[in-house]
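Participant: Next come a sequence and a model predicted from it.
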2 protein chains.
Amino acid sequence: MQRTQITDPADPRLDDVRDLNHSDNRPDLPGGRGLVVAEGPLVVSRLLESRFPARALVGFPAKLDSFLAEHGDLVPGDLPVYEVSRELLAEVAGFDMHRGLLATADRVPELGVAEAIAGARTVCVLEGVGDHENIGAIFRNAAGLSVDAILFGSGAADPLYRRSVRVSMGHVLRTPFAHLEGTYTTWQRSLQELRDAGFRLVSMTPSGDQSLAQALVDAEGRPWDKVALLVGAEGPGLTEHAMRATDARAVIPMAPGTDSLNVATSAAIGFYERLRALN
Amino acid sequence: MQRTQITDPADPRLDDVRDLNHSDNRPDLPGGRGLVVAEGPLVVSRLLESRFPARALVGFPAKLDSFLAEHGDLVPGDLPVYEVSRELLAEVAGFDMHRGLLATADRVPELGVAEAIAGARTVCVLEGVGDHENIGAIFRNAAGLSVDAILFGSGAADPLYRRSVRVSMGHVLRTPFAHLEGTYTTWQRSLQELRDAGFRLVSMTPSGDQSLAQALVDAEGRPWDKVALLVGAEGPGLTEHAMRATDARAVIPMAPGTDSLNVATSAAIGFYERLRALN
């Protein structure tokens, strides 16, 4: 391991963690997007275990010590490890990073749909979910409730954005995801690939004509073997175009006259009902 | 209606919305806590419909116009209405308030437990949930999923904090809540009041010995008439002391080896399962 102390805020070896509030927009990188940035020991350990190749580990001396003592086996021998003071990191990153431990990694080519759903029994398809925190929360809920993959229709936020990575607790780095091809009005055709792979397609919508519990079992009350749950953004919900491409429209029973639930919460209830049907 | 344009940032009539990032700590007010502050038309309308007596309505001219056109009937004749420019409000509040509409109200004496649970069939009891966003999210989920009241054991954050009000979408102003008496180690005795009122007390915990679905129905599979769902903070969860005071310990089936869900998400799944059992 190459552990180096850095004391000069202008040191180019810290460029990966410079101005972190804007690090998701890096025109100098391929595709003009940011690196993958993991914050805190749990998410950093998940980054090091993931398919994303790590570039550097940066932290306060004590945070590095305790991380390396617990997770040293995850750290490749040739990974640069940079020791910085709290003041130096605050100056470089642009804000006080009380977690004191960061890792960066390169993006890798995204999985294809077939690859992402290989072996999956439950997948979630998101349409128009443009909020990074919601994307992160959906990955976290998916991991906790046994969803095997996430697919994106059009209009979805970048799951590898720094805030998504953090809110997901690193699960965006673990759960396979892929983008379905097409524009706002054509991506829905790509759902055919899921149907061909044996998935029952279920829209979650306040205008559903059956309960979620009913939609996730067949006429004999047995759970569908493979299920894709479609969820749309808070407010607009799924497009009619997307719902028309599915087999069922399911509703979460709600108190009359209240607002809809947050999209990540609705998704979690869908995931829970699916797991409940399988158990 | 007394609609007045204000152009001087030092005008004392704007003190209610001054320095909003610190407005939850007002030593000049009874109890040293802040006013109730509602932001945006939906939450402002809920404030005006609530038991909290409004003090003032403040907004950009266009935002006031459209709010008054739609909700003018909610605005008491003697409520001061202050028209301010975006720049002025930003200067007074301490940040740019793009929503451009605010209302303030006085706190009122809190409900007693008996009052809060009168007529309730489903209540949620929170222990140690110290995060204002989680408190707000739990109120939002409770309203959407037909929970009638929220009770607080020890260690809970203030539900009337500005951020809780906002995240709850104003439901903290509508759903009855009360604090159970006692300290960290004694409040659990107050749960007897719920049992005396006929509630089945169910702890939600990863260490539960039955599923949530099982815990919410009796031996014949009928839903309990009245249910109190207990939820603890993320991380520590419910204290053993609290769980020992309940009738059942219920677990959300989860993917093995993953982290627990966010506390508001777990609560939402509990609320959903309860509603499912009743339907």
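Facilitator: That came in fine, so what should we check first? Numbering: from 1, shown residues only, chains lettered A, B, ... in the order given.

Participant: going forward, measure contacts and count neighbours with C-alpha atoms only.
Facilitator: OK.

Participant: tell me which parts of chain A are close to chain B?
Facilitator: Contact residues, chain A versus chain B (CA under 8 Å from any CA of the partner chain): A:140-141, A:143-146, A:253-255, A:258-261, A:265, A:268-269, A:272, A:275-276.

Participant: Between the two ends of stretch A:118-136, what distance do you get?
Facilitator: End-to-end distance for stretch A:118-136, by CA to CA, to the nearest Å: 22 Å.

Participant: Quick one, which of the residues of chain A next to chain B are buried?
Facilitator: Applying 16 or more other CA atoms under 10 Å in any protein chain shown to those, the neighbour count classes A:140-141, A:143-146, A:253-254, A:260-261, A:265, A:268-269, A:272, A:275-276 as buried.

Participant: Point out the ones among those that are inside helices.
Facilitator: Residues from these lying in helices, with DSSP state H as the criterion: A:140-141, A:143-144, A:265, A:268-269, A:272, A:275-276.

Participant: Turn those residues into a markdown table, columns for pLDDT.
Facilitator: As requested, these are exported to a markdown table (pLDDT from 0 to 100):
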| residue | pLDDT |
| --- | --- |
| A:Arg140 | 97 |
| A:Asn141 | 97 |
| A:Ala143 | 96 |
| A:Gly144 | 96 |
| A:Thr265 | 97 |
| A:Ala268 | 98 |
| A:Ile269 | 98 |
| A:Tyr272 | 98 |
| A:Leu275 | 96 |
| A:Arg276 | 96 |
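
Participant: Taking the centroid of chain A, which residue is nearest it?
Facilitator: A:Val172 (3.3 Å; CA atoms, centre = their mean).

Participant: Let me see the contact set for that one.
Facilitator: The contact partners of A:Val172, by CA atoms under 8 Å, 6 or more residues apart in numbering or on different chains, come to A:136, A:139-140, A:159-160, A:164-165.

Participant: Out of these, which comes closest to chain B?
Facilitator: Nearest to chain B, judged by CA to the nearest CA, of these is A:Arg140 at 7.5 Å.

Participant: Leaving out chain neighbours, which residue sits closest to the closest one?
Facilitator: Spatially, and ignoring its direct neighbours in sequence, A:Arg140 is nearest to A:Ser168 (4.6 Å; CA to CA, 6 or more residues apart in numbering or on different chains).

Participant: What does A:Glu234 show for phi and psi?
Facilitator: Phi and psi for A:Glu234, reported as degrees, to the nearest 10, are phi -60, psi 140.

Participant: does it really touch A:Ala264, like I thought?
Facilitator: No - using CA atoms under 8 Å as the test, A:Glu234 is too far from A:Ala264 to be in contact (9.1 Å).

Participant: Show me which of the two is the more surrounded one.
Facilitator: A:Ala264 (24 against 18; other CA atoms under 10 Å in any protein chain shown).

Participant: so who does the residue nearest to that one when sequence neighbours are not counted touch?
Facilitator: Nearest non-adjacent residue to A:Ala264, counting by CA to CA, 6+ apart: A:Ile138, 5.1 Å away. Shown in contact with A:Ile138 (CA under 8 Å, 6+ apart): A:168, A:264, A:267-268.

Participant: Averaged pLDDT, stretch A:79-88. What do you get?
Facilitator: On average, the pLDDT along stretch A:79-88 is 97.

Participant: what do you get for stretch A:114-122?
Facilitator: Stretch A:114-122 carries an average pLDDT of 98.

Participant: who touches stretch A:86-98?
Facilitator: Residues external to stretch A:86-98 that are found in contact with it (CA under 8 Å, 6+ apart): A:7-10, A:14, A:17-21, A:60, A:100.

Participant: out of those, who's nearest chain B?
Facilitator: Nearest to chain B, judged by CA to the nearest CA, of these is A:Asn21 at 18.4 Å.

Participant: ok, the residue lying closest to that closest one once chain neighbours are set aside to A:Asp19 distance?
Facilitator: Ranked by CA to CA, 6+ apart and with sequence neighbours excluded, the top spatial neighbour of A:Asn21 is A:Gly94, at 7.1 Å. Using CA to CA, A:Gly94 is found at 5 Å from A:Asp19.

Participant: Over to A:Ser146?
Facilitator: On the measure of CA to CA, A:Ser146 and A:Asp19 end up 36 Å apart.

Participant: ok, now A:Asp131?
Facilitator: Distance, A:Asp131 to A:Asp19, by CA to CA: 21 Å.

Participant: more crowded one of those two?
Facilitator: Shown here are A:Asp131 and A:Asp19; by other CA under 10 Å, A:Asp131 has more neighbours (18 against 15).

Participant: Next up, the contacts around the closest residue to that one other than its chain neighbours.
Facilitator: Leaving aside its sequence neighbours, A:Asp131 sits nearest to A:Ala157 (CA to CA, 6+ apart; 6.0 Å). Contact analysis of A:Ala157 by CA under 8 Å, 6+ apart lists A:128-132, A:135.

Participant: For A:Leu29, the count of nearby residues, please.
Facilitator: By other CA under 10 Å, the residues close to A:Leu29 number 12.

Participant: before we move on, what about A:Val263?
Facilitator: A:Val263, neighbours per other CA under 10 Å, totals 22.

Participant: these two touch, right, it and A:Leu230?
Facilitator: No - judged on CA under 8 Å, A:Val263 makes no contact with A:Leu230 at a distance of 11.1 Å.
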